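**Q** Need a 3D model of the following:
(chains A and B)
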Amino acid sequence: MSERRVVSVSRLVSYIRQSLESDPVLTGFLVEGEISNLRQPYSGHWYFSLKDANASMNCVMFASANRKVSFPVQNGTKVIVRGNCSVYPQQGALQIVVTAMKQSGIGDLYQQLELLKQKLSKEGLFDEAHKKRLPLYPMDAALVTGNNTAAREDVLITFRKRWPVARITEYPAPVQGLDAPPKIIEALKKADEGGHQVILLVRGGGSIEDLWCFNDEALARCIYDLKTPVVTGIGHEIDFTIADFAADVRANTPTGAVETAFPDIHDVRQDLMNRFVRMRQSTLNRLSHERQRLNRNTQRPVFARPEQLYSDQALKLDYLRDKLMRKENLTLAKRKQLTEAASSLRACIRESVKVQEKKISDIQIRLAVDVKKDLADYTKQIQRHEVQMQNRTVYAMNAQRNLLSKNTALLDAYSPLKVLSRGYSIAAKKNETIRSIHQVASGDAITVRVSDGTIYAEVNAAEEQDGTGKERNDI
Amino acid sequence: MAQAKKEMTFEQSMSRLEEIVRLLESNQQPLDETIKLFEEGLKLVRSCDQTLKKFEKQVDDLLAENGGEADGNV
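**A** Numbering: from 1, shown residues only, chains lettered A, B, ... in the order given. Model (predicted):
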């Protein structure tokens, strides 16, 4: 043991390091494994482990080397690295210094793509329902593609031929490499905010690795979220990227994208012509149709012969008038009948009156004869009675006359006037013959009748006397 | 209905006119109503005719102004 030299750790590590680095087998070897524990600090160097099922090795890939890696590196990525074995002195750790890296096996790449596609499809990122319709005649478009690329030239040439009336705004972005997706996303977002009617995302043909940036998950989500419809034209007809699936419309190529997004101005012009002709024709047809329709109405009997509207009523009126007239005639006839009846009645009455009158006149005549006869009878009777009466009167008168003469003589003999002439007088008070002294009082005015007149006297006195009454009673 | 006549479109006027013709042809309205309908119908005929003439002239004028271009190139 004592013969053995004692060396420092530094010397030992240094010896190991020199041994490893000078071993031709451990220099520039290729090793395949899966990346894990990947760290990418600001220094730009990558630190990771390369492992397989049984073993693991620390690796370092300096910034100068990893700059050339053109595919996304992450834990789990299977790679083939070129490197040299070395020792990191501070930790005495064995490590591989990686000088180059490539993906191990393109089949894995497609598998990844397939998995990503399934995942996004399950999320609905490719749903037809979500896809926006392209405007028929976009007048304002955005173009997202690489500067100075052949695809850009193709697009612009086709665009100018096909639809020069629209405006196109370019949003350049790298279309290859690891840093392309975020730049493309940025350009798309800017274009979306630009308020264009359609966005074209195009890239010319290339290898699958060249187009790989269009299989980026973030890019797919960005396309899905855009408000503006997106048309993709990436690679050739056979190339399908995730971006194509997420886009609203996928075209085969950049030129195809232009043809999809824009109409051909010649077709549009032809269309316009056709529409104009059809419009003119249909307008003229419509007008003439309406004219005919109006004419049909105007020529209807109601307008051509409007009297029909009331002719029925007029006929009815006539009919009613007729009916009325007939009724009047009826009345007239009745009246005539009545008049006739009246006149015949009148004649009857007149006849009857005549008969009656004759009867009366006959009766009158008969009556007159009878009456005359009666009258004559009566007259005779009267005359007879008259004679009788005259005879009787004469007789009576003679008898009376005889009686009168006798009585006159007698009366004459007894007349107070004769007495007066013999000297007697008649005293009276107020035409009342005074027979008693008690009839008068002293002062009474009395009259005294004498044979040749009347004496007006006043009573002086009256004196009762016997024997005188006897004489007076005689008177 | 008579009050809204001023507001009627051509289509409405034509429909009303056809309705009136139908009513008049059936001739089942009272005579007063018939005469009113007849009068309204005549007015509609006149207004429809004027409108049509206006449209026809407008189309003629428009075609004279713009038709030439369309016959050749837009």
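**Q** Could you use CA atoms for every contact and neighbour count after this?
**A** Fine.
**Q** Local confidence estimate at the residue most central in space within chain B?
**A** In chain B, the C-alpha closest to the average C-alpha coordinate belongs to B:Cys48, at a distance of 2.2 Å (Cα atoms, centre = their mean). For B:Cys48, the model assigns a pLDDT of 86.
**Q** my guess is it is in a helix, correct?
**A** Yes - read with DSSP: H, G, I helix; E, B strand; the rest coil, B:Cys48 is one of the residues of a helix.
**Q** what about it, distance to B:Leu62?
**A** In this view, B:Cys48 and B:Leu62 are 21 Å apart by Cα to Cα, to the nearest Å.
**Q** and if you look at A:Val277?
**A** 13 Å.
**Q** So which of those two has more stuff around it?
**A** More neighbours surround A:Val277 than the other of A:Val277 and B:Leu62, with 15 against 11 (other Cα atoms under 10 Å in any protein chain shown).
**Q** Tell me the predicted confidence for that one.
**A** Here, the pLDDT recorded for A:Val277 equals 88.
**Q** Can you report how many residues lie near A:Gly256?
**A** So A:Gly256, with other Cα under 10 Å, has 22 neighbours.
**Q** What are the phi and psi values at it?
**A** Note on A:Gly256: its backbone torsions stand at phi -60, psi -40 [degrees, to the nearest 10].
**Q** The top helix by length along chain A: how far from the chain's middle?
**A** For chain A, the helix with the greatest residue count under DSSP state H is helix A:307-414. Computed by Cα atoms, centre = their mean, to the nearest Å, the chain-centroid distance of helix A:307-414 equals 93 Å.
**Q** In three-state terms, label A:Leu211 for me.
**A** helix.
**Q** With A:Ala173 instead?
**A** Of the three states, A:Ala173 takes coil under three-state DSSP.
**Q** What is the neighbour count of it?
**A** Neighbour tally, A:Ala173, other Cα under 10 Å: 19.
**Q** Look up how far A:Pro172 lies from the residue nearest to the centre of chain B.
**A** Taking Cα to Cα, one finds B:Cys48 at 62 Å from A:Pro172.
**Q** likewise A:Ile208?
**A** Between A:Ile208 and A:Pro172 the computed distance is 21 Å (Cα to Cα).
**Q** For chain A, which residues are neighbours of chain B?
**A** Contact residues (Cα under 8 Å from any Cα of the partner chain) of chain A with chain B: A:269, A:272-273, A:276, A:284, A:287, A:290-291, A:294, A:297-298, A:300-303, A:309-310, A:313.
**Q** Which residues belonging to stretch A:7-20 are considered buried?
**A** For stretch A:7-20, a neighbour-count test (16 or more other Cα atoms under 10 Å in any protein chain shown) marks A:13-14, A:16-17, A:20 as buried.
**Q** Tabulate these (a markdown table), appending pLDDT and secondary structure.
**A** Formatted as a markdown table, the buried residues of stretch A:7-20 follow (pLDDT from 0 to 100; DSSP: H, G, I helix; E, B strand; the rest coil):
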| residue | pLDDT | secondary structure |
| --- | --- | --- |
| A:Val13 | 90 | helix |
| A:Ser14 | 90 | helix |
| A:Ile16 | 90 | helix |
| A:Arg17 | 89 | helix |
| A:Leu20 | 87 | helix |
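**Q** Now for A:Ala187: which residues touch it?
**A** A:144, A:171-173 (Cα atoms under 8 Å, 6 or more residues apart in numbering or on different chains).
**Q** Pull up the per-residue confidence for the spatially closest residue to A:Lys190 that is not a sequence neighbour.
**A** Using Cα to Cα, 6 or more residues apart in numbering or on different chains and skipping residues adjacent in sequence, the residue nearest A:Lys190 is A:Tyr171, 7.7 Å away. A:Tyr171 carries a pLDDT score of 96 in this model.
**Q** all helices for chain B, in order.
**A** Per DSSP H, chain B carries helices over the ranges B:10-26, B:31-71.
**Q** okay, those helices, which one's buried deepest?
**A** Stretch with highest mean neighbour count among those: helix B:10-26 (a mean of 17; mean count of other Cα atoms under 10 Å in any protein chain shown).
**Q** do that one and chain A meet?
**A** Yes - counting by Cα under 8 Å from any Cα, chain A has neighbours in helix B:10-26: B:14, B:17-18, B:21, B:24-25.
**Q** Contacts for that helix, please.
**A** Counting by Cα under 8 Å, 6+ apart, A:294, A:297, A:300-302, A:309, B:5, B:29, B:34, B:37-38, B:41, B:44-45, B:48, B:51 sit against helix B:10-26.
**Q** What residues does chain B have near chain A?
**A** Counting by Cα under 8 Å from any Cα, the residues of chain B close to chain A are B:14, B:17-18, B:21, B:24-25, B:27, B:31, B:34, B:38, B:42, B:45, B:48-49, B:52, B:55-56, B:59, B:70-71, B:73-74.
**Q** A:Ala428 and A:Val450 touch, don't they?
**A** No - under the criterion of Cα atoms under 8 Å, A:Ala428 is not in contact with A:Val450, lying 11.5 Å apart.
**Q** Now do A:Ser405: how many residues are near it, please.
**A** Neighbourhood size, A:Ser405 [other Cα under 10 Å]: 12.
**Q** next one: A:His45
**A** Neighbours of A:His45 under the rule other Cα under 10 Å: 16.
**Q** who's in contact with it?
**A** A:His45 touches A:60-63, A:66, counting by Cα under 8 Å, 6+ apart.
**Q** so can I have JSON lines of these showing neighbour count, distance to A:Ile238 and secondary structure?
**A** What follows is these, written out as JSON lines (neighbours: other Cα atoms under 10 Å in any protein chain shown; distance: Cα to Cα, whole Å; DSSP: H, G, I helix; E, B strand; the rest coil):
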{"residue": "A:Val60", "neighbour count": "21", "distance to A:Ile238": "38", "secondary structure": "strand"}
{"residue": "A:Met61", "neighbour count": "22", "distance to A:Ile238": "36", "secondary structure": "strand"}
{"residue": "A:Phe62", "neighbour count": "17", "distance to A:Ile238": "37", "secondary structure": "coil"}
{"residue": "A:Ala63", "neighbour count": "15", "distance to A:Ile238": "36", "secondary structure": "helix"}
{"residue": "A:Asn66", "neighbour count": "18", "distance to A:Ile238": "31", "secondary structure": "helix"}
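**Q** Chain B: which of the residues you listed is nearest?
**A** A:Asn66 (60.2 Å; Cα to the nearest Cα).
**Q** What separation is there between that closest one and A:Gln112?
**A** Taking Cα to Cα, one finds A:Asn66 at 22 Å from A:Gln112.
**Q** Could you list the low-confidence segments of the stretch 101-250 of chain A?
**A** Residue ranges of the stretch 101-250 of chain A with pLDDT under 70: A:105-109.
**Q** Looking at it, which residue is nearest chain B?
**A** Relative to chain B, the nearest point of the stretch 101-250 of chain A is A:Val165 (13.8 Å; Cα to the nearest Cα).
**Q** Great, nothing more from me.
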